[in-house]
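**Student:** Fold the following, please.
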Amino acid sequence: RNFLVIFQFTVSVVLIIGTLVVYQQLIFIQSKDLGYEKEQVLLLDNAFSVGNRLDAFKEEVENISVVESATISSQMPTPSDRSNSSFFKEGQYNSEDALQMQEWGVDEDYIETLNLEIIAGRNFDSSIKTDEDAIIINQANLKILGVNANEAIGIRINEIDSGNQPKIYTVIGVVKDFHYSSMRENIGALALFNRRSSGKMAIKLKTNNYTETLAQISKLWKEFAPGQPFDYRFMDDEFNDVYSADLRLGKVFMVFTFLSIFIACLGLFGLASFNAQKRTKEIGVRKVLGANVWQITMKLTLDFLKLVGIAVLIALPLGWLSMNSWLQDFSYRIEVEWQVLVYAALLVGLVAALTVSYQSIKAAIANPIKSLRTE
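**Tutor:** As a prediction, the model looks like this:
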């Protein structure tokens with residue numbers, strides 16, 4: 001019986017620690033500075049459906065009063081499956097010198113719409129003809145190139161095409177690193193290319209009145225792409241979907257935590273009732289000899305809390321090790337703080353004390369004459 005109590009409460013404490021840590025990590029992900037703006041950003045899928053009128057459609061969308069800006073690109077910073085491309089510093093074509101980085105085609109409004117931060121150089125400018133062969137890199141590239149942000153401006157990067165002819169791009173700007181991959185991965189090298197890539201359109205809104213705004217954009221869509229489905233999502237929803245499995249894990253932990261505590265308390269309640277009945281005459285003798293209700297209640301309660309204490313001592317290191325192992329999957333993560341362990345221990349101790357105290361008080365206030373009566 002004692003072993004079962006210890007086992008059940010050990011499981012309960014481990015599950016409580018797991019629930020708290022999972023939700024703390026999810027809160028950390030939601031609140032972390034991503035390096036880009038995902039709130040109030042509407043994503044239109046299949047922007048290519050508009051065809052050669054895409055620029056005109058974008059201009060009409062930007063004329064809507066509640067639209068701050070819009071950009072056209074197949075690559076959005078919300079995490080998704082991507083692959084790197086190989087580049088070389090000018091004049092270096094050996095495979096060991098290859099620069100592996102993401103290759104994103106964007107327009108000149110991309111950085112403004114998503115609120116990326118330029119830390120050196122400048123943005124693309126359609127009035128500058130040479131910007132057709134310009135690129136903007138992120139900070140992760142600086143470590144690979146072995147230069148600082150200002151030194152990177154003007155560096156020439158080669159891309160080998162299928163004809164084995166190098167195409168040369170010039171670095172004109174450096175953006176602050178932003179999380180375009182999951183928090184489970186480190187931020188990798190990335191380059192923004194000034195080229196048409198019409199998979200999606202991102203629209204930065206000034207208002208939370210989405211119903212009216214969507215109606216206006218939908219009306220324009222029907223004019224420019226009649227018969228094509230109006231598929232849209234909000235960027236923050238797309239971001240949250242990446243961590244939906246972790247959110248489900250947190251909910252599962254919570255459900256099993258409640259079930260585990262409930263079952264453990266049922267067992268503890270039954271054991272306390274059995275123990276109080278078994279010790280009826282002992283309690284009566286103690287009361288006759290002068291023990292008060294408080295002393296008897298504490299005596300009976302502490303006997304069970306010792307078992308819960310043993311369960312806590314076993315569960316705390318198990319909970320810390322298991323959740324610390326789970327957090328290792330994230331490159332950007334919280335630490336399992338000691339407060340989490342304390343909260344779990346206090347919660348289980350409080351629930352156990354409340355469960356046992358009822359039977360303890362009931363036994364302590366019983367009439368000692370009835371307790372000592374023999375047949």
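
**Student:** can we go C-alpha only for contacts and neighbour counts from here?
**Tutor:** Noted.

**Student:** Now do the helices in this structure.
**Tutor:** Using DSSP state H, the helices of the chain run over 2-31, 54-62, 110-113, 139-145, 149-152, 210-224, 235-242, 244-278, 280-288, 293-327, 338-364, 368-372.

**Student:** Any chance of CSV for those helices, columns mean neighbour count, distance to Glu68 and mean pLDDT?
**Tutor:** Formatted as CSV, those follow (neighbours: other CA atoms under 10 Å; distance: least, CA to CA, whole Å; pLDDT from 0 to 100):
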stretch, mean neighbour count, distance to Glu68, mean pLDDT
helix 2-31, 20, 23, 87
helix 54-62, 16, 7, 92
helix 110-113, 20, 8, 94
helix 139-145, 17, 27, 90
helix 149-152, 18, 29, 91
helix 210-224, 15, 12, 90
helix 235-242, 17, 15, 86
helix 244-278, 17, 29, 76
helix 280-288, 18, 77, 65
helix 293-327, 18, 38, 84
helix 338-364, 18, 42, 79
helix 368-372, 15, 80, 58
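
**Student:** I'd like to know which of these lies nearest to Ser182.
**Tutor:** With CA to CA, the closest approach to Ser182 among the helices of the chain belongs to helix 235-242: 7.4 Å.

**Student:** Check which helices and strands the closest one sits against.
**Tutor:** For helix 235-242, the elements it packs on are strand 41-45, judged by 3 or more CA pairs under 8 Å, 6 or more residues apart in numbering; DSSP states H and E.

**Student:** who does the strand it packs on touch, helix- and strand-wise?
**Tutor:** Checking 3+ CA pairs under 8 Å, 6+ apart, strand 41-45 ends up next to strand 200-205, strand 232-234, helix 235-242.

**Student:** wait, Leu247 sits on Leu26?
**Tutor:** Yes - contact criterion CA atoms under 8 Å: Leu247 and Leu26 qualify, at 7.4 Å.

**Student:** and Phe239, how far is that from Gln30?
**Tutor:** As judged by CA to CA, to the nearest Å, Phe239 and Gln30 stand 9 Å apart.

**Student:** Ignore what I typed, I meant Gln40.
**Tutor:** Distance check for Gln40 against Gln30: by CA to CA, it reads 15 Å.

**Student:** Could you do Gln339 as well?
**Tutor:** Distance, Gln339 to Gln30, using CA to CA: 21 Å.

**Student:** For Asn141, which of the helices and strands packed on strand 41-45 is the nearest?
**Tutor:** Taking CA to CA, helix 235-242 is the member of these nearest to Asn141, at 24.1 Å.

**Student:** contact partners of that closest one?
**Tutor:** Contacts to helix 235-242, defined as CA atoms under 8 Å, 6 or more residues apart in numbering, come from residues 38-43, 78-79, 182.

**Student:** and which of those is nearest Ser49?
**Tutor:** Checking the contacts of helix 235-242 one by one against Ser49 (CA to CA), the nearest turns out to be Leu43, at 14.2 Å.

**Student:** Contact partners for the residue lying closest to that closest one once chain neighbours are set aside?
**Tutor:** Leaving out its chain neighbours, the residue that sits closest to Leu43 by CA to CA, 6 or more residues apart in numbering is Ala202, at 4.6 Å. Contact analysis of Ala202 by CA under 8 Å, 6+ apart lists 41-44, 70-73, 113.

**Student:** Okay, buried residues for the lengthiest strand in the chain please.
**Tutor:** Counting residues, the longest strand found in the chain (DSSP state E) is strand 166-175. Across strand 166-175, burial judged by 16 or more other CA atoms under 10 Å covers 166, 168-175.

**Student:** Let me know the closest of those residues to Asn52.
**Tutor:** The nearest member of these to Asn52, counting by CA to CA, is Tyr169 at 26.5 Å.

**Student:** From Glu90, how far off is that closest one?
**Tutor:** To Glu90, Tyr169 is 9 Å away according to CA to CA.

**Student:** try Ile64
**Tutor:** For Ile64 relative to Glu90 (CA to CA), the value is 44 Å.

**Student:** What ranges in the stretch 101-250 of the chain fall below the confidence cut-off?
**Tutor:** Under the criterion pLDDT under 70, the flagged ranges of the stretch 101-250 of the chain are 160-166.

**Student:** Could I get the phi/psi values of the closest residue to Leu116 other than its chain neighbours?
**Tutor:** Sequence neighbours aside, Tyr36 is the residue nearest to Leu116 in space, at 5.2 Å (criterion: CA to CA, 6+ apart). Phi and psi for Tyr36, reported as degrees, to the nearest 10, are phi -150, psi 170.

**Student:** Contact partners for Tyr36?
**Tutor:** If a contact means CA under 8 Å, 6+ apart, then Tyr36 has 77, 114-117, 178-179 as its contacts.
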